[in-house]
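Visitor: give me a model of this one.
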Amino acid sequence: MDTSSPALVLAVHGSADPAAAAVTGLLADAVTALGGVRPQVGCLEERQPAPGVRPGPRWPSLDGLLDRLAARGQERAVVVPLLLGDGFHRRVDVPAVLAKPRTLRCTLTRGLSGEPDVALALYDRLRAAEQTAGGRADAVVLASAGSRRPDGTAGARIAAGQLRSLLTAAHGGEPAVPVPPAYCSAARPTVPEAVAGLRAAGHRRVAVATHLLAPGRFSGELRDAGAWAVAEPLGAHPRIARLVVRRYTRAAGVAHHPAAA
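Guide: Next comes the predicted model:
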């Protein structure tokens with residue numbers, strides 16, 4: 001193990017859904033292929049799968065992972081929060097874990113909130129959902145996790161605007177469909193409220209663009225929101241992997257891998 005090169009640590013929320021851990025593993029594989037460094041994953045919340053559900057890959061707590069790296073003699077780590085919002089986890093929980101005294105020097109990057117690559121990945125997932133449904137949406141709800149912090153939903157609002165711009169460009173510059181943000185928890189409107197509002201305004205093909213990284217309870221609930229089509233979470237989309245690699249290379253001060261450009 002090369003302890004002089006900065007380790008890449010992905011800080012994830014954590015989920016009881018085995019599919020979430022599996023998708024995170026696929027993203028780690030994609031990051032490794034692009035950037036030449038194998039990410040290590042640490043959870044902010046460790047959750048057990050439901051009884052009778054076969055568990056997926058198990059990730060350690062973020063705190064325990066950093067302690068283990070320090071015990072191995074690792075000198076530096078770059079921690080990339082796999083979070084699309086800038087709420088409590090990004091602003092409070094992750095910094096609190098990194099503030100614990102260790103010999104390991106940690107650099108915390110920004111999360112993934114508001115990045116154009118996220119909007120482009122959302123666009124791809126939306127187009128795939130439309131193709132499956134057999135048409136084009138006449139309205140899109142951008143579904144995000146939500147946050148009680150005033151600035152915690154800024155990334156969702158930015159992503160909604162970016163997605164609307166992409167849809168406008170795809171329509172040859174003509175006004176695009178409406179793309180309001182909505183939330184799975186902690187903020188309003190809820191996704192079912194937003195879908196119902198668009199239907200009441202006369203829209204019939206209302207799609208949901210899933211502004212979530214991995215499957216879990218929230219993504220499962222979107223299937224019951226009354227939408228015409230629901231896109232898959234962003235997961236291991238190549239643009240998300242490239243974004244993680246760029247976060248790491250800039251923070252670590254290493255040469256940018258050409259595949260991540």
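Visitor: now do the closest residue to residue 27 other than its chain neighbours, the pLDDT please.
Guide: Counting by C-beta to C-beta, 6 or more residues apart in numbering, the nearest residue to residue 27 once its immediate chain neighbours are dropped is residue 236, at 4.2 Å. Bear in mind the C-beta positions are built from the backbone N, C-alpha and C, glycine included. Note on residue 236: pLDDT of 95.
Visitor: what does residue 54 give?
Guide: 52.
Visitor: kindly report the same for residue 116.
Guide: For residue 116, the predicted pLDDT is 96.
Visitor: counting neighbours, what do you get for residue 141?
Guide: If you count neighbours by other C-beta atoms under 10 Å, residue 141 ends up with 31.
Visitor: and it, which of the three is it?
Guide: Assigned state for residue 141: strand (three-state reduction, DSSP: H, G, I helix; E, B strand; the rest coil).
Visitor: and it, what does it touch?
Guide: Contacts for residue 141 (C-beta atoms under 8 Å, 6 or more residues apart in numbering) come out as 179-182, 191, 194-195, 198, 206-209, 225, 227.
Visitor: so which of these are in strands?
Guide: Among those, the members found in strands (DSSP state E) are 181, 182, 206, 207, 208, 209.
Visitor: for those, pick the one with the most neighbours.
Guide: That'd be residue 209 among the ones in strands among the contacts of residue 141, by other C-beta under 10 Å, with 30 neighbours.
Visitor: quick one: it from residue 153, how far?
Guide: 15 Å (C-beta to C-beta, to the nearest Å).
Visitor: the nearest residue to residue 196 once chain neighbours are set aside and residue 197, how far apart?
Guide: The shortest distance from residue 196 to any non-neighbouring residue, by C-beta to C-beta, 6+ apart, is to residue 226 (6.6 Å). As for residue 226, its distance to residue 197 is 11 Å (criterion: C-beta to C-beta).
Visitor: neighbour count winner among the two?
Guide: Under the criterion of other C-beta under 10 Å, the comparison of residue 226 against residue 197 puts residue 197 first, with 17 against 14.
Visitor: give me the below-cutoff pLDDT ranges for the stretch 101-250 of the chain.
Guide: 175 (pLDDT under 70).
Visitor: do a quick rundown of the strands in it.
Guide: Ranges of strands in the stretch 101-250 of the chain, per DSSP state E, counting those that start in this stretch, are 105-108, 139-144, 181-183, 206-211, 229-230.
Visitor: can you show me the CA trace of the fourth one as CSV?
Guide: Taking C-alpha atoms only, strand 206-211 is exported to CSV below (Å, rounded to 0.1, in the frame of the first residue of the first chain):
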residue,chain,number,x,y,z
VAL,A,206,-45.2,14.2,-16.1
ALA,A,207,-41.8,12.6,-15.6
VAL,A,208,-39.6,12.4,-12.6
ALA,A,209,-35.9,13.1,-12.9
THR,A,210,-34.3,11.4,-9.9
HIS,A,211,-31.8,13.7,-8.3
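Visitor: what's the closest non-adjacent residue to residue 136?
Guide: residue 130 (5.6 Å).
Visitor: against residue 45, how distant is that neighbour?
Guide: 33 Å.
Visitor: do the same with residue 190
Guide: Distance from residue 190 to residue 45, by C-beta to C-beta: 22 Å.
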